[in-house]
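Peer 1: The following block contains a protein sequence and its predicted model.
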Amino acid sequence: MTLRRALIAVPPLLALLAAPAQGDTPGGAQAKNKAVDGAKVYRQICAACHMPNAMGSGGGAIPALAKDRKLSDPAYPVNIVMKGKGAMPPMNEMLSPAQVAAVITYVRTNFGNAYPQPVTEADVKRLAK
């Protein structure tokens, strides 16, 4: 995927994120009060750009998360998710710290990644400053 194609994909993603919260969708009021499913957050938010298999765009505009050594340090993905980087917008106002923790833990334990230490909501709050 070229940078142009990636940027074309951003408006629909932002429209999806700006849609009214329904049920337990990421960012919805009910989701913040329930246990968070990192796989569900990944499918609903992250997979749109990073792909369902976490292989990214292939051209480098959207990085692969599969077998990513940078995920070994939880501070790296927390800061990227919360503050954004490159084509990725900051998610700090779209996802709760619990959702960020859940999705990062999910990615760190799937897609060929083997970092079993969970990232907690407290970790997100501490590391994202």
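Peer 2: Perfect, thanks for sending it.
Peer 1: From here on, just use CA atoms for contacts and neighbour counts.
Peer 2: OK.
Peer 1: got any ranges where this structure has weak pLDDT?
Peer 2: 1-35 (pLDDT under 70).
Peer 1: Any idea how far apart the tips of stretch 47-55 sit?
Peer 2: Taking CA to CA, to the nearest Å, stretch 47-55 runs 9 Å from one end to the other.
Peer 1: no, scratch that, I was asking about stretch 63-74
Peer 2: Note: stretch 63-74 ends 17 Å apart using CA to CA.
Peer 1: And stretch 86-101, by the same measure?
Peer 2: Terminal-residue distance, stretch 86-101 (CA to CA): 21 Å.
Peer 1: How about the secondary structure of the most centrally placed residue in the chain?
Peer 2: Centroid-nearest residue in the chain: residue 46, 4.8 Å away (criterion: CA atoms, centre = their mean). On the three-state scheme (DSSP: H, G, I helix; E, B strand; the rest coil), residue 46 is labelled helix.
Peer 1: any idea how far it lies from residue 129?
Peer 2: For residue 46 relative to residue 129 (CA to CA), the value is 22 Å.
Peer 1: Helix, strand, or coil at residue 126?
Peer 2: helix.
Peer 1: Number of residues surrounding it?
Peer 2: 11 (other CA atoms under 10 Å).
Peer 1: For this structure, which segments count as helices?
Peer 2: 3-18, 38-41, 47-50, 75-83, 97-108, 121-127 (DSSP state H).
Peer 1: buried stuff in the fourth one?
Peer 2: Put plainly, it is helix 75-83. Across helix 75-83, burial judged by 16 or more other CA atoms under 10 Å covers 75, 77, 78, 79, 80, 81, 82, 83.
Peer 1: Enumerate every residue touching the second one.
Peer 2: By CA atoms under 8 Å, 6 or more residues apart in numbering, the contact set of residue 77 is 70, 71, 104.
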